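Participant: turn this into a model:
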Amino acid sequence: MALGDSYSAAPLVPVTDVAQGCFRSSANYPSLVAEALGAELDDRSCGGARTEDLTRSQLAGVPPQARALQPDTQLVTVGLGGNDGGVFSSLVNRCSALARQDPEGSPCETTMTAGGTDRLLTTLQATRARLTTALREVERRSPDARVLAVGYPQIVRAGSPCPELPLAAGDYAYAERVNRALTDAVRGAARAAGVTYVDVWAASRGHDICSDQPWVNGSVTDQSAAAAYHPFAVEQRAVAKLVLAAARG
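Facilitator: Take a look at the predicted model:
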């Protein structure tokens with residue numbers, strides 16, 4: 001069983017099913033894991049999903065993701081948290097837009113920390129608590145399942161600017177801190193809920209958007225490879241290997 005957002009669904013990684021607006025790829029990591037295990041897959045991942053969409057309908061015709069969980073479900077991957085509170089969209093869209101105001105400064109960090117509180121980091125603290133509750137709900141509904149909380153890759157690195165991720169020069173370090181904090185929120189939720197954490201961040205080091213071998217697409221959607229700011233097939237294959245190792249461990 002796969003529950004998650006677009007980093008699990010992998011929009012535009014060939015071949016993508018656009019039905020219901022979830023944009024799930026048949027080559028996303030849940031599909032690759034199921035194929036390797038010879039298991040039946042029920043993939044409920046959906047682009048734009050927030051943690052709350054485990055128990056509420058995200059889109060018309062799309063039931064709450066957790067509704068698919070059964071008492072005899074054996075393996076569940078959960079890849080959620082990045083969309084909660086608009087953290088991911090703020091990081092890649094709002095911060096990119098703010099870069100035009102002060103290309104050499106850190107306008108995104110200045111905006112997000114106005115008033116002395118970092119809005120994105122504060123949001124991620126709430127995300128950790130919300131995701132902990134969600135993971136416990138997954139365990140309650142499928143008590144015999146191996147539950148894996150799948151983290152996020154490193155998409156940005158301090159000191160590694162590029163046109164594909166058009167942030168202000170001083171905001172790359174800030175964006176990396178937020179990216180890392182998202183990863184830490186998922187890790188912390190997994191620990192609190194007592195489930196296995198799949199560390200995608202560590203595996204993806206050196207493969208950020210601005211690297212020579214990126215695992216995540218930049219600001220321009222490639223209809224034949226990946227949506228903007230979303231994983232390429234190579235990242236999904238790498239995550240599948242991590243999930244398989246955790247499932248078999």
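Participant: going by C-alpha atoms from here, please, whenever you check contacts or count neighbours.
Facilitator: Fine.
Participant: residues in contact with Leu120?
Facilitator: Val87, Met112, Val178 (Cα atoms under 8 Å, 6 or more residues apart in numbering).
Participant: distance to Ala227 and pLDDT for those - can I get that in CSV?
Facilitator: Output for the contacts of Leu120, formatted as CSV (distance: Cα to Cα, whole Å; pLDDT from 0 to 100):
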residue, distance to Ala227, pLDDT
Val87, 18, 96
Met112, 26, 97
Val178, 21, 98
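Participant: among the residues you listed, which one lies nearest to Leu59?
Facilitator: The closest of these to Leu59 turns out to be Val87 (Cα to Cα; 20.0 Å).
Participant: report pLDDT for the closest residue to that closest one other than its chain neighbours.
Facilitator: For Val87, ignoring the flanking residues on the chain, the nearest one in space by Cα to Cα, 6 or more residues apart in numbering is Leu120 at 6.0 Å. We have a pLDDT of 97 for Leu120.
Participant: look up phi and psi at Arg24.
Facilitator: phi -90, psi 130 (degrees, to the nearest 10).
Participant: how much space between it and Pro231?
Facilitator: Shown here: Arg24 relative to Pro231, a distance of 12 Å by Cα to Cα, to the nearest Å.
Participant: give me the common contacts of these two.
Facilitator: Overlap of the contact sets of Arg24 and Pro231 (by Cα under 8 Å, 6+ apart) consists of Ala10.
Participant: in CSV, list the C-alpha atoms belonging to stretch 197-205.
Facilitator: C-alpha atoms of stretch 197-205 as CSV (Å, rounded to 0.1, in the frame of the first residue of the first chain):
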residue,chain,number,x,y,z
TYR,A,197,12.3,5.8,8.6
VAL,A,198,13.6,5.6,5.0
ASP,A,199,16.4,8.1,4.7
VAL,A,200,16.2,9.5,1.2
TRP,A,201,18.2,12.6,2.2
ALA,A,202,21.4,10.8,2.9
ALA,A,203,21.2,8.8,-0.4
SER,A,204,20.5,11.9,-2.4
ARG,A,205,23.4,14.0,-1.2
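Participant: what residues sit buried inside that stretch?
Facilitator: Tyr197, Val198, Asp199, Val200, Trp201, Ser204, Arg205 (16 or more other Cα atoms under 10 Å).
Participant: can you check stretch 123-134 too?
Facilitator: In stretch 123-134, counting by 16+ other Cα under 10 Å, buried: Leu124, Thr127, Arg128, Ala129, Arg130, Leu131, Thr132, Thr133, Ala134.
Participant: what separates the residue lying closest to Asp222 once chain neighbours are set aside from Ala49, distance-wise?
Facilitator: Counting by Cα to Cα, 6+ apart, Asp222 lies nearest to Ala228, which is 7.1 Å off, once chain neighbours are set aside. For Ala228, the distance to Ala49 equals 16 Å [Cα to Cα].
Participant: Ile209 too?
Facilitator: Per Cα to Cα, Ile209 is found 22 Å from Ala49.
Participant: quick one: which of the buried residues of stretch 197-205 sit in strands?
Facilitator: Under the assignment DSSP state E, the buried residues of stretch 197-205 contribute Tyr197, Val198 to strands.
Participant: would you check which pair of the buried residues of stretch 197-205 lies furthest apart?
Facilitator: Tyr197 and Arg205 (17.0 Å).
Participant: my guess is Thr77 is in a strand, correct?
Facilitator: Yes. Using DSSP: H, G, I helix; E, B strand; the rest coil, the assignment for Thr77 is a strand.
Participant: close enough to count as contact, it and Glu139?
Facilitator: No. Checked against Cα atoms under 8 Å, the pair Thr77 and Glu139 is beyond contact range at 11.5 Å.
Participant: run through the bridge partners of Val78.
Facilitator: On the basis of DSSP bridges, Val78 takes part in beta bridges with Leu3, Ala149.
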